[in-house]
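S.K.: Sequence first, predicted model second:
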Amino acid sequence: MIVLVAAVAVMITLTGTATGAATLTISCGSVGQETKACQDESDAWAAKTGNTVKVLAAPQSDNERLALYQQYLAAGSSDIDIYEIDVIWPGILGSHFVDFTGKIDAGTLSSHFPSIIANNTVGGKLVALPFFTDAGLLYYRRDLLDRRGLKPPRTWAELEAAARAIQEQERADGHGDMQGFVWQGKTYEGLTVNALEWIASSQGGTIVDADGKVTIDNPNAARALDRAAGWIGTISPKGVLNYTEEEARGVFQSDNAVFMRNWPYAWALGQSEGSPVRGKVGVSALPAGDGGTSAAVLGGWQMAVSKYSKNQDDATDLVKYLCSEPLQKERAIHFSQNPTIAALYTDSEVLAAVPFYGDLYDVFTHTIARPSRIAGTRYAQLSSAFETAVHDVLSSGGGAAQKLATLQKTLERLSRNGCW
């Protein structure tokens, strides 16, 4: 719970043109504590302005959430005023959103990471404001590694060795449910993210290069996927092929995994009262592949106002409030949601709550982008084809080279040979 939200509400001067009589509906995420945080913050704004805010919890799956949003927006529905959208969706959904250009002062915009503002600008229109950002991280059981004199793994090979050794020892000692490594393996956007991190960290490219050329059919990418396929049933449970973020977190936080790939939000939940792993968790950059470097995919969420909303001014005012520096600070402290405002990464209160923000600042500012800006409205098709091919590799135990050759041809047809 955001314990200082009332104080924050007093601190912020609302600069919009709120009428004081609107009922707004905002669609927020449902991973971890997102829905509760969104409701608390929206209620604080409503209490100050005299409006009412209803929160609609979106599906956890990105694919399902995007499909739901597309249904509402394609119908020109005014039922939802504000949409929380993924960092990869401005190019897909941006034509349905209010242009914030001229509605947000320059000082506020300049406080956010410029790359995210650029990401949210489509055709010269600022279609969304940064809410929080994300980057993939490696969570590890510090106590289990310390007990064996091990350091956090710097490479995937080191992770495999440590995961296997600790898993075997723990099981031999009676902890039969211990898994070596959990991550997001279901056929959805989360698998696209995980696989891109494996491939990019192994010098296998980023599916599509900066010029729009499809590059996925290469030996390094194939080796990275075949390596991951070898985890299934060894250091990762077979069930990982149906895991999203929350399933992976559930296993790790229940004291049943050595390593986990997840987003920063999992930190606050792991350190919460009653968590079996409270005080036992460390966080580091994701491992590097053969001859490569650590690669974390850019994630994060933005707030956008529907151009079909009947309360656009009030909705814009609420978005400004939710994306403001005081609220971003509160979410960082209580929910470990990464701020999009650079100054908060040196804030003493934020660093006290989330110590790894300081150590891993470079991870958060040097992320790998998915090719959503290049692919534009076809990104969802690109990602669907990619995650399906990856899942086929993982579930069949390998054979990545052949499947990536087929995927290459599929994506070339989709891109019209690079002309996205």
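M.R.: Nice, thanks for sending it over.

S.K.: hmm, who's touching stretch 256-263?
M.R.: Residues outside stretch 256-263 that contact it (C-beta atoms under 8 Å, 6 or more residues apart in numbering) are 134-141, 144-145, 153, 159, 162-163, 166-167, 170, 175, 177-184, 194, 197, 245, 248-249, 251-252, 266, 286, 299. To be clear about C-beta, it is placed using only N, CA and C from the backbone, and glycine gets the same treatment.

S.K.: Selecting buried members of those in ChimeraX, what would you type?
M.R.: Written as a ChimeraX command, the selection of buried residues from those, which uses 16 or more other C-beta atoms under 10 Å, is:
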select :134,135,136,137,138,139,140,141,144,145,153,159,162,163,166,167,170,178,179,180,181,182,183,184,194,197,245,248,249,251,252,266,286,299
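
S.K.: Let's see which of the contacts of stretch 256-263 end up in helices.
M.R.: Of the contacts of stretch 256-263, the ones assigned to helices by DSSP state H are 144-145, 159, 162-163, 166-167, 170, 194, 197, 245, 248-249, 251-252, 266.

S.K.: Nearest to residue 389 among these?
M.R.: Of all those, the one sitting nearest residue 389 is residue 194; the distance, using C-beta to C-beta, is 13.5 Å.

S.K.: hang on, isn't the closest one packed against residue 187?
M.R.: No. Judged on C-beta atoms under 8 Å, residue 194 makes no contact with residue 187 at a distance of 11.7 Å.

S.K.: Looking at the ones in helices among the contacts of stretch 256-263, spot the one nearest residue 390.
M.R.: Residue 390 has its nearest neighbour among these in residue 194, at 8.3 Å by C-beta to C-beta.

S.K.: distance of the closest one from residue 183?
M.R.: When C-beta to C-beta, to the nearest Å is applied, the distance between residue 194 and residue 183 equals 5 Å.

S.K.: do the same with residue 83
M.R.: For residue 83, the distance to residue 183 under the criterion C-beta to C-beta works out to 28 Å.

S.K.: Need the max-distance pair from the ones in helices among the contacts of stretch 256-263.
M.R.: 170 and 197 (25.9 Å).

S.K.: List the pairing partners of the helix or strand harbouring residue 261 within its sheet, with orientation.
M.R.: Using DSSP states H and E, the element containing residue 261 is strand 257-262. In the sheet, strand 257-262 lines up against strand 137-141 (antiparallel), strand 179-182 (parallel) (DSSP bridges).

S.K.: what would these look like in CSV with distance to residue 375 and mean pLDDT?
M.R.: Shown next, in CSV, are the strands paired with strand 257-262 (distance: least, C-beta to C-beta, whole Å; pLDDT from 0 to 100):
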stretch, distance to residue 375, mean pLDDT
strand 137-141, 26, 98
strand 179-182, 29, 98
